[in-house]
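Dropping the sequence and predicted coords here.
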Amino acid sequence: MLRLQIINPNKMLKEIIHLSDITSTNDYLMSLPTPAPDAMTIAVASHQTAGRGQGSNKWESEDGKNLLFSILTSPVSVPIAKQFVLSMAGALALKHVLDRYTKDITLKWPNDIYWRDRKISGTLIETSVVGKTLKRCIYGIGLNVNQNRFFSDAPNPVSLLNITRHETPLNLLLDDILQSFDHYYTLVINGNHDAIVSQYNAALYRSSGFHAYKDVATGEEFDACIHHVGTDGLLHLVDNKGNNRIYSLKQVKFCLFVNMVDFLKCK
């Protein structure tokens, strides 16, 4: 284990912990003290034995090929009712960096990063509340970088290597992401929520046109366009009959054509 402390004027104080092997970087940070509001703790792993996604999902990653890291912050200035703006900021930070490598990077609600119709990154966000204050926030990020082939049952993974056809140094990419995260996170804690919300909605996957969705509760499949996502994290859709549909996490699925064949899969 290697611990580094980075002090940069006008930037968040960062402690970076490099781990060779861990069950989950989110789980590791759960055991650490809460940093000060102007600081963050980052755990970076070469390999995770139990990397987690949303719900029961697992994150596939070839050893040493991808970025697997978590960021622990203390966003005490962010109202609990608006905590989804933290998710927006994290997604924008990743997009800002990936845009330097390729076109067609979008943000799939709530916090996945897509290249065209394929998933290049996912984030698991876990928060802790004390009283009426948002005390802790952990961003667990998996970013496919140099992995060439995927073997899990995930329908649409892609890596930066698959897109650009060349490997990317993980340490340089991580440095760029942490700088970008510092920028967007600082906007949030300084109260610049409108700017974050506007940029997030403009960068959404399927931000225009009608596309296929599936209502999880009823099983109904329907076509709709995205109206907006608010700071409460709710997805506002308008279906092709003009009806407003509002969904929270896990209540609706995006139906995708995957693997370049006419097979529709909702996820």
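Nice, I can see it. Numbers count the residues shown, from 1 in each chain.

was I right about Ser20 contacting Ser46?
Yes: Ser20 lies in contact with Ser46 (C-beta atoms under 8 Å); the separation is 5.2 Å. No exception for glycine: its C-beta is placed from N, CA and C like everyone else's.

per-residue confidence for the closest residue to Leu235 other than its chain neighbours?
Counting by C-beta to C-beta, 6 or more residues apart in numbering, the nearest residue to Leu235 once its immediate chain neighbours are dropped is Tyr247, at 4.8 Å. Residue-level confidence at Tyr247 comes out at 98, pLDDT.

these two touch, right, Tyr247 and Leu237?
Yes: in this structure Tyr247 lies within contact range of Leu237 using C-beta under 8 Å: 7.0 Å.

neighbour-wise, which of those two wins?
When neighbours are counted by other C-beta atoms under 10 Å, Tyr247 and Leu237 differ, and Leu237 comes out ahead with 21 against 18.

one step back: contacting residues around the residue nearest to Leu235?
With contacts defined as C-beta atoms under 8 Å, 6 or more residues apart in numbering, Tyr247 is in contact with 215, 234-235, 237.

quick one: low-confidence parts of the stretch 1-150 of the chain?
1-7, 9-10, 50-59 (pLDDT under 70).

90 instead, please
1-12, 20-24, 46-64, 130-133, 150 (pLDDT under 90).

For it, just list every one of the strands.
Assigned by DSSP state E, counting those that start in this stretch, the stretch 1-150 of the chain shows strands spanning 2-6, 13-19, 39-45, 67-73, 105-108, 112-115, 118-130, 133-143.

Right, I'll leave it there.
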